[in-house]
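Participant: when you get a sec, could you give me coordinates for this:
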Amino acid sequence: MPKQKHILVIRLSAMGDVAMTVPVLRALTTQHPELRITVLTRAFFKPFFRDLQHVEVFSADVKGAHKGVFGLYKLAKALNKKQFYVVADLHNVLRSKMIKKFIKCKRFISIDKGRKEKRLLTSGTVFKKLKRTHQRYADVFGGLGFEVDLNHPHFPKKAILSPKLQELLGNHSMKRIGIAPFAAHEGKMYPLTLMKTVIENLSKDYKLILFGGGPYESEILNEFQTSF
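Facilitator: As a prediction, the model looks like this:
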């Protein structure tokens, strides 16, 4: 049996972008079982990858042990023990670029985020459908010679919820929708005044679960909850 090719995949944040790597990696490892994947991401996101074959997670503590240039150097030093065939950067930001400077690997490939197309779209210059993030991830692996077909997805079995979660979600027949209205950067958020209207309309027909954390976000979410 040929030796597995080991790929380091970098995607540190944000939660939604990390989550979108999961179906792509599931398709990749199913269609190319000769590959072995290590995902470099935050420890908080590790459960996303729990059911993927040939995929392990290496946790990055970017606010603690791996903070700053020296911290990233220590992170890369630990990663270098794994001897990667290629590094696939699905984040392509300053932090991931710095990590790649310290990684001992002969081959690197990075995602094309389509920043130019996005600027043209938001400026009103060109109104053209953008490529999906899932496909941009898949294109990275296609560039390595591992084409990924996303047209026939496979889904994991439903997880068994803990009693605490079941109590929180409630036992009723209404369909549930989870909404996370906040983002790390304000420019990426849907205006909260408009989000409140969205929540008000959806709450008439669905059970809503609002996600957020910290005093500021909790205060706003509690206000939304008591408004309807």
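
Participant: got the contact list for the worst-scoring helix or strand of the chain on mean pLDDT?
Facilitator: The helix or strand of the chain with the poorest confidence is helix 163-169; it has a mean of 85 (mean pLDDT, DSSP states H and E). Under the criterion C-beta atoms under 8 Å, 6 or more residues apart in numbering, residues Leu161, Arg176, Lys207, Ile209 lie in contact with helix 163-169. In short, each C-beta sits where N, CA and C put it, glycine included.

Participant: give me that answer again for 6 Å
Facilitator: By C-beta atoms under 6 Å, 6 or more residues apart in numbering, no surrounding residue is in contact with helix 163-169.

Participant: quickly run through the sheet partners of the helix or strand that that helix is followed by, with directions.
Facilitator: Along the chain past helix 163-169, the next helix or strand (assigned with DSSP states H and E) turns out to be strand 176-179. Take DSSP bridges as the rule and strand 176-179 pairs in its sheet with strand 207-210 (parallel).

Participant: off-centre distance for the strand it pairs with?
Facilitator: 21 Å (C-alpha atoms, centre = their mean, to the nearest Å).

Participant: okay, the longest helix belonging to the chain in PDB with CA atoms only?
Facilitator: Using DSSP state H, we find that the single longest helix of the chain is helix 214-227. C-alpha atoms of helix 214-227 as PDB (Å, rounded to 0.1, in the frame of the first residue of the first chain):
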ATOM      1  CA  GLY A 214     -20.000  38.300  26.600                       C
ATOM      2  CA  PRO A 215     -21.900  41.100  28.400                       C
ATOM      3  CA  TYR A 216     -22.600  43.200  25.300                       C
ATOM      4  CA  GLU A 217     -23.900  40.400  23.100                       C
ATOM      5  CA  SER A 218     -25.900  38.800  25.900                       C
ATOM      6  CA  GLU A 219     -27.600  42.100  26.700                       C
ATOM      7  CA  ILE A 220     -28.700  42.500  23.100                       C
ATOM      8  CA  LEU A 221     -29.900  38.900  22.700                       C
ATOM      9  CA  ASN A 222     -31.800  39.200  26.000                       C
ATOM     10  CA  GLU A 223     -33.500  42.300  24.600                       C
ATOM     11  CA  PHE A 224     -34.400  40.400  21.400                       C
ATOM     12  CA  GLN A 225     -35.800  37.500  23.500                       C
ATOM     13  CA  THR A 226     -38.100  39.700  25.600                       C
ATOM     14  CA  SER A 227     -39.300  41.700  22.600                       C
END
